[in-house]
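Student: Pasting a predicted model and its sequence here:
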Amino acid sequence: MILLRKVHPIRRKVCYTEFIRKNKIALTGNEGIALNWLQRFMMGRYGVDQMTVALLVCMMVLTLLSSLFLFMPFYLLAFALMIWSLFRILSRNRAARARENEKFLVFWNQLKGVGNRIKQWFRNMQRRFRDRKTYLYFKCPNCKKELRVPRGKGNLEVTCPLCRSKFMKKS
Ligand SMILES: [Zn+2]
């Protein structure tokens, strides 16, 4: 590919056979023509990136859902996503597509952050439920940080580890 891009368009075909010969790539008949055609077709086009992969995954999920529930809007949306993916893969405006992908990656990282927070919340809830008989969970009246004390120890003076405020808590 790199070798092909340097030469004049008219010389391309000659150079291509040269490239095949030098790299000892054995191609016969239709294979060679197909590769040549595809290479030429994809030349200067953007190709696949993370955003396109995400679009295609969404498309597949929507296709599955639309066939499960026979829900037409999902099918149409899946079709639109396919068109969008194709448009991005075949686009010649590489700079614009690269910028889109960068924005997508920022969004993706935010999404991962939200996902992690949700996971953390579920883990906290699980821990609370498991320890509900041995620990009393409550929030600091000053800074709202979540605290816990062992149950059944009478009136305890609690010092918040975050804001250092002191208060009494019946365990
Ligand atoms: Zn506090």
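Tutor: Structure's in. What do you need?
Student: chain center to stretch 108-118, what's the gap?
Tutor: 10 Å (Cα atoms, centre = their mean, to the nearest Å).
Student: got a list of contacts for it?
Tutor: Residues from elsewhere that reach stretch 108-118 (Cβ atoms under 8 Å, 6 or more residues apart in numbering): 50, 54. Just so you know, the C-beta spots here come from the backbone N, C-alpha and C atoms, and that holds for glycine as well.
Student: average model confidence for that stretch?
Tutor: Averaging pLDDT along stretch 108-118 gives 97.
Student: so how far does stretch 79-98 reach from one end to the other?
Tutor: Stretch 79-98 has an end-to-end distance of 23 Å (criterion: Cα to Cα, to the nearest Å).
Student: ok, residues contacting that stretch?
Tutor: Residues contacting stretch 79-98 (Cβ under 8 Å, 6+ apart): 44-49, 51-52, 55-56, 58-59, 62, 100.
Student: Can you sort out which of these also neighbour the ion?
Tutor: Cross-checking the contacts of stretch 79-98 against the ion (Cβ under 5 Å from the ion) gives no overlapping residues.
Student: Please list only the buried members of those.
Tutor: 46, 49, 51, 52, 55, 56, 59, 62, 100 (16 or more other Cβ atoms under 10 Å).
Student: Break the chain down into its domains, please.
Tutor: Following automatic domain parsing, the chain resolves into domains at 2-42, 50-114, 131-170.
Student: and the end-to-end length of the longest one?
Tutor: Here the two ends of domain 50-114 are set 19 Å apart, with distance taken as Cα to Cα.
Student: Give the residue spans of this protein that score low on pLDDT.
Tutor: 1-35 (pLDDT under 70).
Student: mind redoing it with 80?
Tutor: 1-36 (pLDDT under 80).
Student: ranges for the helices of the chain?
Tutor: Along the chain, counting by DSSP state H, helices occupy 2-6, 12-22, 30-42, 50-69, 72-90, 94-130.
Student: quick one, phi psi at the spatially closest residue to residue 160 that is not a sequence neighbour?
Tutor: Nearest residue to residue 160 in three dimensions, chain neighbours excluded: residue 140, at 4.3 Å (Cβ to Cβ, 6 or more residues apart in numbering). Phi and psi for residue 140, reported as degrees, to the nearest 10, are phi -60, psi 130.
Student: List the residues that contact residue 140.
Tutor: Contacts of residue 140 by Cβ under 8 Å, 6+ apart are 146, 147, 160, 162, 163, 165, 167.
Student: Show me which of those residues are buried.
Tutor: 147, 160.
Student: which of the contacts of residue 140 are close to the ion?
Tutor: 160, 162, 163.
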